[in-house]
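K.L.:
Fold the following and give me the result.
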Amino acid sequence: MKKNGAIVIANCADGTHDGNCTFIAVEPLTERYLLVTMDGTVGNGKVKPCGEGELPIGVATDEAEANDAVNVHFLGGSETIIAVAAAPISAGTIVAPAENGKVSAPESEGDHYLIGIAVGSAASAGDRIEILPNVPPALTIEE
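P.N.:
Sure thing, here's the model as predicted:
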């Protein structure tokens with residue numbers, strides 16, 4: 001994220017990070033709190049909006065243009081996170097990545113990564129929702 005021409009970073013040093021880290025967005029992040037996934041190999045320092053079926057690593061806490069630095073709040077942290085709902089979600093629902101970095105309850109057949117449990121609720125698509133995150137385990141839904 002840039003403010004007054006300077007790059008504002010969460011943490012750019014190698015090593016461990018306390019729940020947040022700075023990455024470079026390779027695609028625009030059009031709103032705050034979108035889920036992101038690594039772009040390419042883990043460790044390249046670049047993220048993009050997470051799509052359905054992709055492994056999310058965290059939530060970008062700011063909007064960003066392509067090639068901007070952005071803070072990512074890691075999933076699996078010890079505090080709740082905010083995410084953008086792709087559809088209405090009730091509190092207590094397990095949530096997974098939906099398209100364009102948003103979250104939803106996994107309902108379709110196939111592989112999903114469970115990112116946490118909704119603490120609050122979202123009345124409609126685009127609402128921000130509070131989530132208690134976890135490290136995303138894979139889930140396969142079969143009928």
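K.L.:
make it CA atoms for all contacts and neighbour counts henceforth
P.N.:
Fine.
K.L.:
just the strands in this structure please.
P.N.:
2-3, 6-7, 20-25, 34-38, 46-49, 58-60, 69-74, 81-84, 94-97, 103-104, 110-113, 116-118, 128-133, 138-141 (DSSP state E).
K.L.:
Please parse the protein into its domains.
P.N.:
Taking automatic domain parsing as the criterion, the chain consists of the domains 2-74, 81-141.
K.L.:
Could I get the ones you listed in CSV, plus columns for mean pLDDT and mean neighbour count?
P.N.:
Converted to CSV, these look like this (pLDDT from 0 to 100; neighbours: other Cα atoms under 10 Å):
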stretch, mean pLDDT, mean neighbour count
domain 2-74, 81, 18
domain 81-141, 88, 19
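K.L.:
so what's the residue nearest the centre of the chain up against?
P.N.:
Nearest to the geometric centre of the chain sits Leu35, at 2.0 Å (Cα atoms, centre = their mean). Going by Cα atoms under 8 Å, 6 or more residues apart in numbering, Leu35 touches 49-50, 56-60, 83, 97, 100-103.
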